[in-house]
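S.K.: coordinates only, no sequence provided:
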């Protein structure tokens with residue numbers, strides 16, 4: 001195991017070194033929060049794939065493959081579909097807005113008001129819980145590596161992510177995510193996948209050993225697939241963690257085609273995880289928990305050195321999602337909540353960097369403390385996604401595609417959808433499907449009814465919105481000009 005330990009330690013040290021290097025580039029608010037809006041296609045594609053494919057997609061995706069066979073790919077598959085839809089239909093418009101948060105987009109589209117404030121609170125809760133659940137996954141990985149206590153593992157893994165994110169902001173996260181993307185590709189797709197299939201005797205032996213439903217592409221069930229689409233595909237369209245990466249693209253074309261490449265990669269990653277899980281079912285048919293499949297096959301079947309690299313890939317998956325959610329959480333907390341509470345004031349770019357850096361540190365400490373205290377990860381993440389989709393999907397997408405939507409309709413949609421989700425979770429249970437189904441319908445009904453019953457958005461607001469979507473807003477003059485690459 002000494003070689004495996006060395007691989008992991010070198011990897012973690014490299015993450016910290018990149019954080020320090022990124023600090024030298026993050027000299028302005030734009031550089032710190034969105035990498036200066038100048039990522040080219042390669043960096044953009046790699047980092048976008050890295051953030052959406054976290055511990056749930058890697059460890060959880062293998063676990064679903066162990067439990068359901070090839071149809072276990074659907075969870076990660078719907079994430080890829082969401083990223084493809086975002087990239088093809090919305091990313092160019094989002095990138096041209098030149099904002100930092102989803103709530104700022106709502107302010108631009110609807111002319112300000114309370115909808116942006118309330119959406120900021122909902123988005124903050126979502127990104128916080130996303131960061132928490134990603135941080136908890138360190139316990140699983142470090143337990144396999146070092147037999148480490150859960151609390152110590154969370155503090156160690158969380159502290160490294162907080163450190164490099166605080167130092168260099170989005171530049172540090174971009175550099176580390178690109179390395180993490182490469183490590184995941186090599187560790188999971190090029191090493192673990194073929195080794196697992198060979199160890200299980202090949203596909204013919206897997207088919208002979210397992211029931212036929214393990215190879216049914218719809219075996220997981222239509223209702224489950226539909227729920228995945230509602231939560232994960234739609235969640236990809238509106239999450240601050242995803243939009244903040246779109247803001248880093250240096251052009252419309254980069255956002256569209258770079259995101260399309262990342263989404264296609266997600267589809268391949270989904271199938272790989274399901275196949276690895278199916279192979280693990282052949283090798284270890286009696287595991288106590290499906291989520292143990294990844295760690296078990298890595299620990300028992302991989303040779304020294306390769307095992308360390310694959311565990312580094314799992315660590316990379318967790319860190320990329322954790323760091324992306326952390327900077328999103330801090331950006332929303334500072335720009336959408338704190339700045340509104342204290343009133344917007346003129347401050348220098350350097351002061352803004354210091355403020356955002358302080359918020360990343362503060363939110364990072366809150367994430368680590370919450371991760372230590374929380375027990376049920378699945379329920380926490382379900383609450384976050386239900387509120388996100390049930391409360392924010394309609395006013396965000398409605399603002400992008402329907403000019404008759406109003407600020408009152410948006411506010412009603414957020415409030416009615418959010419309250420409906422909360423009441424239905426209390427009635428049916430947190431893990432039930434009904435809260436997101438009926439919450440989304442209630443949000444849509446409120447948006448349409450109230451928008452049509454209230455005066456249309458002021459023509460000047462819509463004109464400014466169209467100018468912003470077209471990339472012609474005079475506010476863009478202060479943005480740095482992308483350096484050619």
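M.R.: Thanks, I have the structure now. Model, not experiment: these values are computed from the prediction.

S.K.: from residue 391, how far off is the residue most central in space within the chain?
M.R.: The structure's the chain has its C-alpha centroid closest to residue 52; by CA atoms, centre = their mean the separation is 4.6 Å. In this view, residue 52 and residue 391 are 21 Å apart by CB to CB, to the nearest Å. C-betas here are computed from N, CA, C, even on glycine.

S.K.: swap in residue 35?
M.R.: 29 Å.

S.K.: neighbour count winner among these two?
M.R.: The neighbour count for residue 35 versus residue 391, taken as other CB atoms under 10 Å, is higher for residue 391 (32 against 29).

S.K.: so where does residue 100 fall, helix or strand?
M.R.: Using DSSP states H and E, no element contains residue 100; it sits outside every helix and strand.

S.K.: against residue 166, how distant is it?
M.R.: Going from residue 100 to residue 166 by CB to CB gives 17 Å.

S.K.: what do you get for residue 312?
M.R.: Taking CB to CB as the measure, residue 312 falls 22 Å from residue 166.

S.K.: between those two, which has more neighbouring residues?
M.R.: Set residue 312 next to residue 166 and count neighbours by other CB under 10 Å: residue 312 wins out with 27 against 23.

S.K.: how many residues are close by the residue nearest to residue 265 when sequence neighbours are not counted?
M.R.: Leaving aside its sequence neighbours, residue 265 sits nearest to residue 49 (CB to CB, 6 or more residues apart in numbering; 4.8 Å). Applying other CB under 10 Å, we find 27 residues neighbouring residue 49.

S.K.: does residue 49 touch residue 262 like I think?
M.R.: Yes. Residue 49 is within contact range of residue 262, at 4.1 Å (criterion: CB atoms under 8 Å).

S.K.: so residue 242 versus residue 103, what's the distance?
M.R.: 15 Å.

S.K.: please say which of those two ends up with more neighbours.
M.R.: The neighbour comparison of residue 242 against residue 103 (other CB under 10 Å) goes to residue 103, with 27 against 24.

S.K.: for the stretch 1-150 of the chain, which segments count as helices?
M.R.: 2-23, 29-34, 41-52, 55, 61-68, 74-85, 91-97, 102-110, 114-146, 150-184 (DSSP state H, counting those that start in this stretch).

S.K.: correction: the previous question concerned the stretch 301-450 of the chain.
M.R.: Under DSSP H, counting those that start in this stretch, the stretch 301-450 of the chain gives helices at 306-332, 339-342, 349-373, 377-401, 407-428, 434-453.

S.K.: tell me which of these is the most buried.
M.R.: helix 306-332 (a mean of 28; mean count of other CB atoms under 10 Å).

S.K.: first to last residue in stretch 280-289, what's the distance?
M.R.: One end of stretch 280-289 to the other measures 12 Å (CA to CA, to the nearest Å).

S.K.: hmm, who's touching that stretch?
M.R.: Stretch 280-289 is contacted by residues 62-63, 65-66, 69, 196, 199-201, 205-206, 209-210, 214, 293-294, 296-297, 300-301 when judged by CB atoms under 8 Å, 6 or more residues apart in numbering.

S.K.: mind checking pLDDT for the residue lying closest to residue 304 once chain neighbours are set aside?
M.R.: Distance criterion CB to CB, 6+ apart; nearest residue to residue 304, sequence neighbours excluded, is residue 3 at 5.0 Å. Looking at residue 3, its pLDDT reads 78.

S.K.: so how far is residue 193 from residue 3?
M.R.: For residue 3, the distance to residue 193 (CB to CB) stands at 22 Å.

S.K.: neighbour count winner among these two?
M.R.: residue 193 (19 against 14).

S.K.: residue 389 and residue 335, how far apart?
M.R.: From residue 389 to residue 335 the distance is 22 Å (CB to CB).

S.K.: correct me, but residue 186 touches residue 313?
M.R.: Yes. Using CB under 8 Å, residue 186 is in contact with residue 313, at 7.1 Å.

S.K.: one step back: out of the contacts of stretch 280-289, which sit inside helices?
M.R.: 62-63, 65-66, 196, 199, 205-206, 209, 293-294, 296-297, 300-301 (DSSP state H).

S.K.: can you flag the buried ones in these?
M.R.: 62-63, 65-66, 196, 199, 206, 209, 293-294, 296-297, 301 (16 or more other CB atoms under 10 Å).

S.K.: re the thing from before, pick out the most distant pair among the ones in helices among the contacts of stretch 280-289.
M.R.: 63 and 205 (21.4 Å; CB to CB).

S.K.: next up, phi/psi of residue 249, please.
M.R.: Dihedral angles of residue 249 (phi, psi; degrees, to the nearest 10) stand at phi -70, psi 140.

S.K.: tell me the contacts of the closest residue to it other than its chain neighbours?
M.R.: Counting by CB to CB, 6+ apart, residue 255 is the residue found nearest to residue 249 once chain neighbours are left out, at 3.8 Å. Neighbour list for residue 255: 44, 87, 91, 92, 94, 95, 246, 249 [criterion: CB under 8 Å, 6+ apart].

S.K.: most neighbours of all the residues you listed, which one?
M.R.: residue 249 (31 neighbours).

S.K.: beta partners for that one?
M.R.: residue 39 (DSSP bridges).

S.K.: pLDDT value on it, please?
M.R.: Residue 249 is assigned 94 on the pLDDT scale.

S.K.: how near is it to residue 40?
M.R.: 9 Å.

S.K.: ok, now residue 147?
M.R.: From residue 147 across to residue 40, the span is 42 Å (CB to CB).

S.K.: between the two, point out the one with more neighbours.
M.R.: Using other CB under 10 Å as the criterion, residue 147 and residue 40 rank with residue 40 on top: 16 against 8.

S.K.: in the stretch 301-450 of the chain, where is pLDDT below threshold?
M.R.: 344-351, 375-378 (pLDDT under 70).

S.K.: give the residue farthest from the middle of the chain.
M.R.: Outermost in the chain, CA atoms, centre = their mean: residue 208 at 37.3 Å.
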